[in-house]
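[1] Task: produce atomic coordinates for the following.
(2 chains)
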Amino acid sequence: MNFEHDPTTPEHIVRRDFVKQLAAAGAASLLAGEPRSLSATDHAVKHPEATADSCILIWMGGGMAAPDTFDPKRYSPFESGLEVSSMLSTFPAIDTAVDNIKICEGLENIGQVMDRATLIRSAVQPDLGSILHSRHQYHWHTGYVPPQTVACPHLGAWMAKVLGPKNPVIPPFINIGQRLEGVGEKEELKAFTTAGFFGSEFGPMNLPFPEQASQSVQPPKGMTAGRFSNRHKLFKELVKSGPMKERASDYQQESMVRSLENAYRLLSSKDREAFDIELEPKASREIYDTGRFGRGCLLARRLVESGARFVEVTTEYVPFLHWDTHNSGHDTVARMHSEMDRPIAQLILDLEASGLLDRTLVIIASEFSRDALIEGKPGSNANDQATFKVDKITEKKHYGLHRHFTGGTSVVMFGGGVKKGFLYGKTADERPLIAVENPVSVTDLHATIMTAMGISPKTAYDIEGRPFYVTEDGKGKPVMDIFA
Amino acid sequence: MIKNVLLLVVGLSFAAEASAQQKPLDFAHQIAPILKRHCVECHGGDDAKGGFSLNTRELFLEDEMAAPGKPDESHFLELISSTDPEAQMPPKGKPRVPAEQITLLKAWIKAGMNWDAGFTFATKKYEPPLRPRRPELPPVVEGRANPVDRIVDAYFAKDSQTRPAAISDAAFLRRVHLDLVGLLPTAKELDEFLADRAPNKRAKMIGALLADELRYTEHWLTFWNDLLRNDYGGTGFITGGRKQVSGWLYQSLIDNKPYDQMVRELIAPPTPESRGYIDGIKWRGEVSAGQTIEIQFAQSVAQSFLGINMKCASCHDSFIDRWKLSEAYGLAAIYSSRPLDIHRCDKPTGETAQASWLFPELGQVDAKAGPAERLSQLAGLMTHPENGRFSRTIVNRLWAQLMGRGIVHPLDAMQTAPWNEDLLDYLAIHLQDNAYDLKSVLALLANSQAYQSEVESLSQDADVSGYVFAGPRAKRMTAEQFVDSLWQLTDSAPTSFDAPVSRGNVDPAEVAKTKLSAEWIWGESANGGVPAAGEQVAFYTTFKIDKPILSAGAIVTCDNEFALNVNAREMAKGTVWTQLGAVTLTTALRQGENSIVILGKNAGATPNLAGLYFEARINFADGESLTIKSDSSWQFASTFPDKLPVRRWKLEEMNWKPVTLVPAPDVWKKAVEPVGPEQLVRASRGSALMVRASLLQSDFLMRSLGRPNRDQIVSSRPNDLTTLEAIDLSNNATVAQALARGGQRLADQDWQSPDDLINHLFASTLTRLPGESEQTTVRQILSDHPTSEQIEDLLWALCMTPEFLLIR
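    Modelled structure (predicted):
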């Protein structure tokens, strides 16, 4: 890629521009509540040239063990009496389409598309004292470690705010597969599943159940299209014939009516078919349908095809479920493999076939990795949250990587301007499996993602009189080596 | 003064560097001008590009930008000497610092970087006065004697600005209801208000609304929960790292506790009930130095009560106002029960914080006293009668609640100049004169012509050239106001809530005396058998009331579902049998013959236990009361016209049979016995106690409509309607169900004509009657006997109009 400007050049906000922008933002910010009295400052930074227009974040919530997925180490099959200290991977390595990249057994389909991927094996996270999934997820998704004095925007909200929707009808930030009610740590999940101080306009459209997504963009249950359209007509008539018509120039009123028009447009447009995975040909649906996550991948693909800007699709974080393998780690991960392998590979192939992959950045990531012995990273004082401790494994449920490891995590990226079949960073071959080459912090990872999307890591908005940056304090440095 | 000196010296030519190295450097004349010419434009005054400001020596030293005595370790010298166009300072395109001046700067650093005491490059900022001030009121104009109007009228007159027009009675009624108690006036309330000929009816209405303790409290609860970041669930509760102040807050509002006392009880809690505020949110794991609970305390206290943003200063000296790191830590140390190490940008400075507060002019906290004593001293200083910043901050918030924008804006930047100092100062004095009675300020504001005038019409570029007061600004309903309105219009409020509070004044003696006597009943399927899954039964009783009713209410539940009809009016529905429903029946019952029909439905997949429980109490003026309860005297029918509303049933012709008494298992008793007596007293004594959204945990809809997470203090709500919100309003299931229920209910009522219904809908949503063209528009979609769907859609359309969504 060829940058017009080196995105790492310090470019800071010109405060006088804030003021000008604030004024220009006019009623928009003025009508908004206090936290929204922001000024657009993106003019003040030089944005890199985008290599991607859309982004799909495949979120492995709960801590995806790198040694059991994209960073295989010495394999120890289950046997009674297996020493935990010698157990690194519980799956054997398999070949992929790229000579120097091996991944774990169970990910054969993804292996076949690794020649479209950049694999980063050296992502690292801070310990934060006590490893609480939701807290690390907050950090990963916003770039800031909670708690913060302002509500931090999710990275999807940043894209929505800075780039806007790609298709005006499709909400720019869509979040698939994560329930925010009825699950443990729901409040903590809500804390970062938000546009924060940007305000709800840039917040997520939450679609926890992919198969029900179409209902979110349909008229209320039981309402026919005809009745829905008549209801909207009545609304418009009432606006027109009411006494406020004399105030038609009132910006506040106009913008409200416009929002309702937008909603109606989506709810009655052809584009909403993108939300309906039932409309996908059966053969294709079956490839994806390994479960809720697989269906989420299909939905994500359909939405990006229709012009979604940012889509997150997750295996779902629920304490002690899915990737949060506090016991039976091996068996659970085997199930996760079978849930993720086909849909992710198919997503890449489909995007490639439609020509969208080149401009769509697909990321597989998790809040941290896992290890059989180490909580946090070597020498960490993080609370050990292991639910059991054994030196020798005698039961199958103890076989697996059950502790939270922050010293070396894998991130896979496809498309959107990243190199193909490229390996970046390295972890040690023996415990501790820490990143030994090119460690990538959460901040720099954010900078890399934002750079691909054409957003300078130094982009900032004014909140409560201070600049708030897209990467922590504007310090993120993109990993330029991974760009083609 | 300093500025003038600088201007004079800027033009001077500089002495040769050789001589400069020999004599002690004169900061003001030799160094400051160089910095002023080359650096201050971007790194001084209000600017701090790259987060670097050299306004003061302390700021200059941050991030190793300069190191006294060590030119080699002073990064700024490197930058100004650099030849790398990407790294150099001033940035490329700007003149370089001449070599001889660089030499001078090096010498200055080497010599210890002397700085004139108190010198700053910061521009002179408005500094709000600390003490209260009693402004002289301008003369009364045209009989507009309210002190607010005297000040505002003078403001208008000064710039020959036209005063905004006065609003109609109907517009006033709607605005004042929503602003003071958070609810729409009903159609009946509108009729009564319009019919009232009293010249002081607006003042009477304001008084009545403020005196309505319960509705006032449950509206203002939202404002206070936001400001004190209090909620019934949320971040931190999961690990026990957070406590509510809900019960204390609720009672304080009911009692209209003086504001200074409220704040004293929050800062120095006399009981654990109000302690949650200062204890903040304790996160599991390590947090940055800027977010420890001690620092949270400093930030919260400064923001909530003084409108001061301590967030910047809790990490480094603020760039945006005058607060310093040491002051943020001083405040934090008042709370701290351990020695508090000062951290600058998360790194320890080696100093320990001294407990101190922000305005020593009023007195100081004794750093040697224990934490409880220090907090109590802080509480005293904060609410000190000479602390005008305390009273100004809250009156500014109240003004913004009613008028749509603060006198100082933003509300949490109280260092900003107000658009009218006299107005702000007067309101603050008024609060203090009235012993910190918040309602006295609300009454003063609401009674003013300034409040009772047309809202300003805004263009997209409003305020571009500064704010000018031109009348109140329209506010969008909060999430809670919208949800309450929807519930009120459709009668679909839930029966239970999350806030740990006791609603309404229930006489404990009456509760203690209340012995429930109803029995669980079902149809004949329960007689020696087990009712089928899905079985539906209608229950029926009649009774006579022979004297005027004072008040009445009932409790009811059914395993599994019920719909209660009193005199053929549906009064309540329930689908969760473990939640005892409570309903007020004062207006539903009448002197003479009354009937009750309850539809019960069993659930499940296989036959299972089913039962209905109902007990009503009717209170009479003479102190007597009558109990109507489910028992063996009731009748049931298994076949009934369930598609029709009960009012179309021919009750006398139906096949009624005696009910079966069902022995209650423990789970049923548990659902009724612990809460039943209090609920029954409450329902039968209270007025219409609709559950309010402010008492519930946030849900999907409220979040969508801008109810904040309350991890942070929030002092204002969104004023616009986003597309995502509009999508939810268009197809959210909760909204749709409420509207459907409302449509059904209204369709079931007897209307004289469709116009009668249309008038009712306009009056209850928009607080006015429809105009001619609106009437025509609506008549086109309503048939002569409007269907529930037609009414539902009309309700939706009315509730989506900006006129409805805005408080204007």
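
[2] Quick check on the residue nearest to A:Ser200 when sequence neighbours are not counted: phi, psi?
    Distances taken as C-beta to C-beta, 6 or more residues apart in numbering or on different chains put B:Thr722 closest to A:Ser200, at 5.3 Å, once the chain neighbours are dropped. (C-beta placed from N, C-alpha, C; glycine too.) Backbone geometry at B:Thr722, expressed as degrees, to the nearest 10, gives phi -90, psi 170.

[3] May I have the residues that are in contact with B:Thr722?
    Residues in contact with B:Thr722, defined by C-beta atoms under 8 Å, 6 or more residues apart in numbering or on different chains, are A:Gly199, A:Ser200, A:Glu201, A:Ser259.

[4] from those, which is closest to A:Phe388?
    Ranked by distance to A:Phe388 (C-beta to C-beta), those are led by A:Ser200 at 43.0 Å.

[5] following the helix or strand that contains A:Ala345, which helix or strand shows up next?
    Per DSSP states H and E: A:Ala345 is located in helix A:329-353. Going down the chain from helix A:329-353, the next helix or strand is strand A:360-365, by DSSP H and E.

[6] ok, and what's touching that following strand?
    The contact list for strand A:360-365 (C-beta under 8 Å, 6+ apart) reads A:51-60, A:70, A:123, A:140, A:304, A:344, A:347-348, A:351, A:409, A:411-418, A:445, A:449, A:452-453.

[7] which ones are touching residue 409?
    Reading this off chain A. Per C-beta under 8 Å, 6+ apart, neighbours of A:Thr409: A:Met64, A:Ala66, A:Ala123, A:Val124, A:Gln125, A:Ala365, A:Ser366, A:Phe368, A:Ser369.

[8] think we crossed wires, I meant chain B
    B:Ala400, B:Thr416, B:Trp419, B:Tyr467.

[9] Of these - the most surrounded one?
    When neighbours are taken as other C-beta atoms under 10 Å in any protein chain shown, the top entry among the contacts of B:His409 is B:Ala400 (21 neighbours).

[10] Now that it has come up, it's in contact with B:Met414, right?
    No - using C-beta atoms under 8 Å as the test, B:Ala400 is too far from B:Met414 to be in contact (12.0 Å).

[11] count of neighbours near the closest residue to B:Gly529 other than its chain neighbours?
    Closest residue in space to B:Gly529, ignoring its immediate chain neighbours: B:Pro607 at 7.6 Å, by C-beta to C-beta, 6+ apart. B:Pro607 has 15 neighbours, counted by other C-beta under 10 Å.

[12] List the residues that contact B:Pro607.
    With contact taken as C-beta under 8 Å, 6+ apart, B:Pro607 is in contact with B:Gly529, B:Val530, B:Pro531, B:Ala532, B:Ala533.

[13] ok, of these, which one's closest to B:Trp283?
    B:Ala533 (47.7 Å).

[14] okay, now that closest one: neighbour count?
    If you count neighbours by other C-beta under 10 Å, B:Ala533 ends up with 15.

[15] How about A:Asp350?
    By the measure other C-beta under 10 Å, the count of residues near A:Asp350 is 20.

[16] before we move on, what about the one 3 residues further on?
    With neighbours defined by other C-beta under 10 Å, the count for A:Ala353 comes to 9.

[17] same check, this time on B:Gly44
    Around B:Gly44 there are 22 other residues, counting by other C-beta under 10 Å.

[18] all strands of the stretch 251-400 of chain B, in order?
    B:341-344, B:347-352 (DSSP state E, counting those that start in this stretch).

[19] Give me the helices and strands touching the shortest one, please.
    Where contact means 3 or more C-beta pairs under 8 Å, 6 or more residues apart in numbering or on different chains; DSSP states H and E, strand B:341-344 is packed against helix B:325-335, strand B:347-352.

[20] so the first one versus strand B:347-352, what angle?
    Using axes from the mean of the first three to the mean of the last three C-alpha atoms, to 10 degrees, the inter-axis angle of helix B:325-335 relative to strand B:347-352 is 60 degrees.

[21] contacting residues around helix B:325-335?
    Contacting residues not belonging to helix B:325-335 are listed as B:278, B:292-295, B:297-299, B:301-302, B:310, B:313-317, B:340, B:342, B:344, B:351, B:353-358, B:365, B:367, B:371, B:374-375, B:377-378 [C-beta under 8 Å, 6+ apart].

[22] Mind picking the two most distant members of the contacts of B:Pro607?
    Taking C-beta to C-beta, the two most distant members of these are B:Gly529 and B:Ala533; they sit 12.9 Å apart.

[23] Leaving aside the residues adjacent along the chain, what's closest to the residue nearest to the spatial centre of chain A?
    In chain A, the residue lying closest to the centroid (C-alpha atoms, centre = their mean) is A:Leu57, at 3.5 Å. Take A:Leu57 and drop its neighbours on the chain: the residue closest to it by C-beta to C-beta, 6+ apart is A:Glu312, 4.4 Å away.

[24] tally of neighbours for the one you found?
    26.

[25] same check, this time on A:Ile103
    The tally of other residues near A:Ile103 (other C-beta under 10 Å) stands at 26.

[26] for it, what are its contacts?
    A:Ile103 makes contact with A:Thr69, A:Phe70, A:Asp71, A:Pro72, A:Ala93, A:Ile94, A:Thr96, A:Ile110, A:Gly111, A:Met114, according to C-beta under 8 Å, 6+ apart.

[27] Which of those residues fall within helices?
    Among those, the ones falling in helices (DSSP state H) are A:Ile110, A:Gly111.

[28] Kindly state the beta-bridge partners for the residue nearest to A:Leu57.
    Beta-bridge pairing for A:Glu312 (DSSP bridges): A:Leu57, A:Asn175.

[29] from memory it sits against A:Met60, does it?
    No - in this structure, A:Glu312 is not within contact of A:Met60 by C-beta under 8 Å, at 11.3 Å.

[30] if I pick the residue nearest to B:Ala512 when sequence neighbours are not counted, what's in contact with it?
    Nearest residue to B:Ala512 in three dimensions, chain neighbours excluded: B:Pro677, at 7.8 Å (C-beta to C-beta, 6+ apart). Under the criterion of C-beta under 8 Å, 6+ apart, the neighbours of B:Pro677 are B:Val511, B:Ala512, B:Thr514, B:Lys515, B:Leu516.

[31] for B:Pro677, helix, strand, or coil?
    Assigned with DSSP: H, G, I helix; E, B strand; the rest coil, B:Pro677 falls in the helix class.

[32] Show me what the one helix or strand B:Tyr216 maps to is packed against.
    For B:Tyr216, the element it lies in under DSSP H and E is helix B:213-227. Under the contact criterion of 3+ C-beta pairs under 8 Å, 6+ apart, helix B:213-227 touches helix B:201-211, helix B:246-254, helix B:388-403, helix B:479-490.

[33] Residue ranges of each domain in the chain, please.
    Using chain A. Per automatic domain parsing, the structural domains of chain A span A:1-59+A:114-119+A:138-152+A:193-204+A:452-484, A:208-291.

[34] if you could check chain B rather than the one you did, that'd help
    Listed by automatic domain parsing, the domain ranges of chain B are B:2-110, B:508-685, B:720-807.

[35] gap between the two ends of the longest one?
    Right, the one you point to is domain B:508-685. Using C-alpha to C-alpha, to the nearest Å, the end-to-end distance of domain B:508-685 comes out at 12 Å.

[36] pLDDT at the spatially closest residue to B:Ile545 that is not a sequence neighbour, what is it?
    Closest residue to B:Ile545 apart from its sequence neighbours, by C-beta to C-beta, 6+ apart: B:Gln591 at 5.3 Å. B:Gln591 is assigned 88 on the pLDDT scale.
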